[in-house]
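J.: Let me see the structure of the following:
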Amino acid sequence: MPPGVTSSRKRAPSSLTTANVWATSRGRKANPPCPGTTIAAVADQADVAVQTVYASFGTKRALLAAAIDVAIAGDDEPVPVDDRPWMRPVWEAADEAGTLRAYAAAVCLIQSRVALLFRALEAGAAAEPELRQLHEETSRRRRLGRPG
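T.: A predicted model of the protein is given here:
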């Protein structure tokens, strides 16, 4: 590339770039992530430079952890899961049965967004030590009913 000319991949606004990377890592843009997916493949599908992914996330583990967090929450806003509008029915239910129905609906919503990532993480954990640790952490949090 001639001096002074930059690739559109390098000029993408950071929020758009991050959104593209998250969407790709969550399997929303093209193919879902799978074991052995490289940072280069994620960058290519997100249409960003590999260095952008490394600068934003550092490691595959950090990228996958961020993608899981965003998938659970539904966006990257700094709002706790319990304060999300879709959790409000859990706290406002009139009785235990209503609370249980509302909580089941919230869990179904979360799982619809994160299931592919959990499957990819589980498969990747068998081959990649850094993902094994993340899998253990997320499994523990899931058992305790905690996000992330």
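J.: Buried residues, stretch 44-61. List them.
T.: Asp44, Gln45, Ala46, Asp47, Val48, Ala49, Thr52, Val53, Ser56, Phe57, Lys60, Arg61 (16 or more other C-beta atoms under 10 Å). Any C-beta I mention is one placed from the backbone N, CA and C, and that applies to glycine too.
J.: Identify the residue spatially nearest to the last one, adjacent ones excluded.
T.: By that I understand Arg61. Leaving aside its chain neighbours, Arg61 sits nearest to Glu130 (4.2 Å; criterion: C-beta to C-beta, 6 or more residues apart in numbering).
J.: and that neighbour, how many neighbours?
T.: If you count neighbours by other C-beta atoms under 10 Å, Glu130 ends up with 14.
J.: cool, and Ala67?
T.: 26.
J.: Could you name the helices and strands sitting against the helix or strand containing it?
T.: Under the criterion of DSSP states H and E, Ala67 resides in helix 60-73. If you count contacts as 3 or more C-beta pairs under 8 Å, 6 or more residues apart in numbering; DSSP states H and E, helix 60-73 packs onto helix 14-25, helix 39-46, helix 50-57, helix 96-125, helix 129-144.
J.: would you list these in a markdown table and tack on mean pLDDT and distance to Ile68?
T.: Converted to a markdown table, the helices and strands packed on helix 60-73 look like this (pLDDT from 0 to 100; distance: least, C-beta to C-beta, whole Å):
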| stretch | mean pLDDT | distance to Ile68 |
| --- | --- | --- |
| helix 14-25 | 53 | 9 |
| helix 39-46 | 83 | 14 |
| helix 50-57 | 87 | 12 |
| helix 96-125 | 92 | 5 |
| helix 129-144 | 88 | 6 |
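J.: In a markdown table, list these along with distance to Ala73.
T.: A markdown table is the format used below for the helices and strands packed on helix 60-73 (distance: least, C-beta to C-beta, whole Å):
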| stretch | distance to Ala73 |
| --- | --- |
| helix 14-25 | 11 |
| helix 39-46 | 19 |
| helix 50-57 | 17 |
| helix 96-125 | 9 |
| helix 129-144 | 14 |
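J.: Distance of Asp82 relative to Gly145?
T.: 11 Å (C-beta to C-beta, to the nearest Å).
J.: Which one's more surrounded, these two?
T.: Taking other C-beta under 10 Å, Asp82 and Gly145 do not tie; Asp82 has more neighbours (11 against 8).
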